[in-house]
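Asker: Generate a structure from the sequence data that follows.
(chains A and B)
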Amino acid sequence: MLNIKNLKAQLEENEEVQILKGLDLEIGDGELHAIMGPNGSGKSTLSYVLAGKEDYEVTDGSVELDGEDLLDMDPEERAAAGVFLAFQYPVEIPGVPMTTFLRTAINAIRKQKDEDEIDTLEFMKLIKENCRKLGIKEDMIKRPVNVGYSGGEKKRAEVLQMAILDPKLCILDETDSGLDIDALKVVSEGVNNLRNENRSFLIITHYQRLLDYIKPDHVHIMADGKIVQSGGPELALELEEKGYGDLLNDAP
Amino acid sequence: MAQSETQMINPKPTWLQAMREEAWSDYQTSDYPTRQVEEWKYTNLKFMKGADLTPYTDAAQNVTAQDLPEPLLGKEGQKARVVIVNGVYREDLSNISALPQTVTVCPLNEALAKNEGLLETYLKRFEGTATHAMHALNTHYFTNGVFVYVPQGEKIEQPIEITNVTVGKSDALACCYPRHVFVVQENAEATILEHLVGSDQYLSNIAYDITVQDNGLLHHYRHQNENQNGGHQISTTRLSINEKSHYDGFTLTTGAKLARNEVHGKMHGDDGTCRVNGCYLNKDDQHSDTTIIIHHEKERGVSNQVFKGILDDAARGVFQGKIHVHPGAQKTDGYQLNNAILLCNQAEVDVKPELEIYADDVKCSHGATTGQLDDGSLFYLRSRGLPERQAKQLLLQAFITEAVDEIEHETIRETFTELAHIWIKTQLDI
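Answerer: Here you go, the predicted structure:
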């Protein structure tokens, strides 16, 4: 699915700040990988670079999604290719109702794939079904995108978008931050429902807590712009116990 | 010379002659609007230099029904329509049969001939309201216009559209002077919609004298879509808002090479509401100026100014808004907001919000922002599959929503939203 080799990236406006320093990562079809790491290790940058944010400049390395060069694509082309980033801080867009936004996004992706626009009934059914699964009330999606949403509502809305846009690779950037335990359960369940053999996940998180609900196949520890250790789910537990300090010192 | 020509256009009552003469001397003695005059610091009238100021009415008959734009609410939606060409009332192109018989919609000159006293009352009502050289020119030269009189208790559902066409000259500036008087009496209601268009080079110098009597309601919406290449428009609106009366005004500015939309609102009675809102959407070298002063003279008045501007290329926007709370105008609630987005480095906006308050128990606030499209929002939309251009359009459409949503009349709100969206989609190279 995803193949990252020796990825190096820096801030567009400050070339002296190298954030990713030669990162390698391979995610197979249907796999769920978690990346953990201390603040400033470059986790969020990795998610932005994969989604195509223009604030970062890739200076070396390659990223392929099913053999296609992802770095050569605009953000919208990446979305059409199947990349979805659930934002840590979803952006508020006053004046655009969430339903209008969802429909616009579905159709924008369909258009890029030369497919017909979604018809109204099909769209309504899709929204209704997924809102029910995520415990999203109808009045919430009538409101402007993320405006006045609580922290939990914003994250649910991200998972709703993920569900209806049907991506191949889902990147979740600290989706657990700011969630209480009930919201965490709902959001995790939403993610688990989307897991299948053709869809892969990259979950970025600070805490093991999320991984109690979303079981990873692989766990990676990131520090100073690289993956420094990889293992199974047990690595997350070990990390929780020892903290980053010990683990990073142990690292070869 | 000027006076005799005016007389030829319109023999008028003596009080009006006196008004016109006084206006001429005001024009000659008042500070001509230049950058040195504070109120005109940001809007330059040098395009008028050397122009023949006399009303250009020769072309008024050149316009046929086929030349007119579609009514703003569509052929089906718009039943009452009045057409003004170069300041001349074209009864042959107008149709007001859908309006109740009790309502008067007629040429201003006809009203002056038939009911001189009434017109004297409503034209003189505004004496002492601040004026300027351009308004004085209108008073001196005005040719004709629309007189709307809605009698006590009459509530007209059908919006009245005024289609204002100006046929300019290809080799010189043509000057035209429509003058409109709207009177909404006690407990009456009306909706007036304007579409302002033109061709070639001209200055459309328009003046409005609007009175909304106690408990009256007037919706007044304008789509200023003058010729972008040579059309100039200066409009001066004088409002008299009385006890518990309500004025809801909105101007959608997309046209004109240079436009100034100036509103003087006076709240003469307690519990009045004066809403003057708008959107200015400009590109190339367009210049649009919105200047508003609202006088709160009585208690519990509510005034609202919400403006959104989008400026591309080397377009320039000006917003000067003032809320003046007079002594004794307690519990005044004044609000003013101007947000502008500049899409290009050459675009410019000058904003001058002012509060002048002489009462101690009031709530007044103003805010102004100028910025660019937000990169974070743009990335968010693109990451969901929207191409850059579509994402920008969506953000700009969202940006103006807060202003167009102020339009109280539902159908017209939808129409104006659509007009603004079309402008964003078709006029911007983003």
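Asker: Quick check: A:A86 touching A:L160?
Answerer: No. If you go by CB atoms under 8 Å, A:A86 and A:L160 don't touch, sitting 10.1 Å apart. Using the backbone N, CA and C atoms, a C-beta is placed for each residue, glycine as well.
Asker: between the two, which one's more packed in?
Answerer: More crowded of A:A86 and A:L160, by other CB atoms under 10 Å in any protein chain shown: A:A86, with 25 against 22.
Asker: contacting residues for the more buried one?
Answerer: A:K155, A:E158, A:V159, A:Q161, A:M162, A:C170, A:I171, A:L172, A:D173, A:T175 (CB atoms under 8 Å, 6 or more residues apart in numbering or on different chains).
Asker: Can you tell me the element the residue nearest to it when sequence neighbours are not counted falls in?
Answerer: Leaving aside its sequence neighbours, A:A86 sits nearest to A:E158 (CB to CB, 6 or more residues apart in numbering or on different chains; 4.1 Å). Secondary structure from DSSP states H and E places A:E158 in helix A:151-165.
Asker: So for that helix, what gets flagged as buried?
Answerer: Residues of helix A:151-165 classed as buried by neighbour count (16 or more other CB atoms under 10 Å in any protein chain shown): A:152-165.
Asker: and the next element down the chain from that helix?
Answerer: Sequence order places strand A:169-173 as the next helix or strand after helix A:151-165, per DSSP H and E.
Asker: Adjacent strands (with direction) for that following strand?
Answerer: In the sheet, strand A:169-173 lines up against strand A:83-86 (parallel), strand A:200-205 (parallel) (DSSP bridges).
Asker: show me the contacts for B:E418.
Answerer: Contact analysis of B:E418 by CB under 8 Å, 6+ apart lists nothing.
Asker: Please state the backbone phi and psi of it?
Answerer: Dihedral pair for B:E418: phi -60, psi -40, per degrees, to the nearest 10.
Asker: Please name whichever of the strands paired with strand A:169-173 is nearest to B:H220.
Answerer: Closest of the strands paired with strand A:169-173 to B:H220 is strand A:83-86, at 46.8 Å (criterion: CB to CB).
Asker: Just give me how far that closest one sits from the chain centre.
Answerer: From the chain centre to the centre of strand A:83-86 is a distance of 5 Å (CA atoms, centre = their mean, to the nearest Å).
Asker: Same check on stretch A:202-211?
Answerer: Relative to the chain's own centre, stretch A:202-211 is displaced by 11 Å; criterion: CA atoms, centre = their mean.
Asker: how many neighbours does residue 148 have?
Answerer: The chain I'm using is chain A. 10.
Asker: Sorry, I should have been clearer: chain B.
Answerer: 26.
Asker: got it, and B:T14?
Answerer: Counted by other CB under 10 Å, the residues lying close to B:T14 total 8.
Asker: Wait, A:V91 touches B:L378, no?
Answerer: No. The criterion here is CB under 8 Å, and A:V91 misses it with B:L378 at 9.1 Å.
Asker: if you count what's nearby, which of these two comes out ahead?
Answerer: B:L378 (20 against 16).
Asker: Was I right to think that one contacts B:A391?
Answerer: Yes. Between B:L378 and B:A391 there is a contact under CB under 8 Å: 5.4 Å.
Asker: Residue in chain A with the shortest distance to chain B?
Answerer: A:G95 (3.1 Å; CB to the nearest CB).
Asker: Quickly find the element holding that residue.
Answerer: Assessed by DSSP H and E, A:G95 sits inside strand A:93-97.
Asker: Listing partners with orientation, what would you give for that strand?
Answerer: Counting by DSSP bridges, strand A:93-97 is paired with strand A:144-145 (antiparallel).
Asker: what mean pLDDT does the strand it pairs with have?
Answerer: The average pLDDT within strand A:144-145 is 96.
Asker: which residues does B:T415 contact?
Answerer: The contact partners of B:T415, taken as CB under 8 Å, 6+ apart, are B:L72, B:L73.
Asker: quick one: contacts for the spatially most central residue of chain A?
Answerer: By CA atoms, centre = their mean, the mean C-alpha position of chain A lies nearest to A:I171, the distance being 2.0 Å. By CB under 8 Å, 6+ apart, A:I171 lies in contact with A:S47, A:L50, A:A51, A:V83, A:F84, A:L85, A:A86, A:F201, A:L202, A:I203, A:I204.
Asker: again with A:L2
Answerer: A:L2 is in contact with A:L25, A:E26, A:I27, A:V63, A:E64, A:L65, A:L169, A:S200, A:L202, counting by CB under 8 Å, 6+ apart.
Asker: swap in A:A80?
Answerer: A:A80 neighbours (CB under 8 Å, 6+ apart): A:I109, A:Q112, A:K113, B:G385.
Asker: neighbour-wise, which of these leads?
Answerer: That'd be B:G385 among those, by other CB under 10 Å, with 29 neighbours.
Asker: confidence score at it?
Answerer: B:G385 is assigned 97 on the pLDDT scale.
Asker: I'd assumed A:L165 was in contact with it.
Answerer: Yes. The pair B:G385 and A:L165 qualifies as a contact (CB under 8 Å) at a distance of 7.0 Å.
Asker: list residues touching both of those two?
Answerer: A:A79, A:A105, A:I106, A:I109.
Asker: re the thing from before, list the buried ones in the next helix or strand after the strand holding A:G95?
Answerer: Counting by DSSP H and E, the next helix or strand C-terminal to strand A:93-97 is helix A:98-112. For helix A:98-112, burial by neighbour count (16+ other CB under 10 Å) applies to A:98-109, A:111-112.
Asker: Helix A:98-112 packs against which elements?
Answerer: On a contact count with 3 or more CB pairs under 8 Å, 6 or more residues apart in numbering or on different chains; DSSP states H and E, helix A:98-112 meets helix A:75-81, helix A:120-134, helix A:138-142, strand A:144-145, helix A:151-165, helix B:388-404.
Asker: Using CSV, list the CA coordinates for the second one.
Answerer: In CSV, the C-alpha atoms belonging to helix A:120-134 read as follows (Å, rounded to 0.1, in the frame of the first residue of the first chain):
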residue,chain,number,x,y,z
THR,A,120,-29.4,13.0,-3.7
LEU,A,121,-31.1,9.9,-2.4
GLU,A,122,-27.9,7.9,-2.3
PHE,A,123,-26.1,10.8,-0.6
MET,A,124,-28.8,11.1,2.0
LYS,A,125,-28.7,7.4,2.7
LEU,A,126,-24.9,7.4,3.0
ILE,A,127,-24.9,10.3,5.5
LYS,A,128,-27.8,9.0,7.6
GLU,A,129,-26.2,5.6,7.9
ASN,A,130,-22.8,6.8,8.9
CYS,A,131,-24.2,9.5,11.3
ARG,A,132,-26.1,6.8,13.1
LYS,A,133,-23.1,4.7,13.5
LEU,A,134,-21.0,7.5,14.8
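Asker: how about the helices in chain B?
Answerer: Under the criterion DSSP state H, chain B contains helices at B:2-9, B:14-29, B:74-77, B:108-114, B:116-124, B:133-141, B:375-382, B:388-404, B:410-427.
Asker: quick check: mean pLDDT across the second one?
Answerer: Which is helix B:14-29. Helix B:14-29 comes out at a mean pLDDT of 91.
Asker: got the angle for it vs helix B:116-124?
Answerer: Between helix B:14-29 and helix B:116-124, the angle comes out at 20 degrees (axes from the mean of the first three to the mean of the last three CA atoms, to 10 degrees).
Asker: for helix B:14-29, packing partners?
Answerer: Packed against helix B:14-29 by the contact rule (3+ CB pairs under 8 Å, 6+ apart) you find helix B:2-9, helix B:116-124, helix B:133-141.
Asker: Do I have it right that B:K283 meets B:G317?
Answerer: No. Using CB under 8 Å, B:K283 is not in contact with B:G317, being 11.2 Å away.
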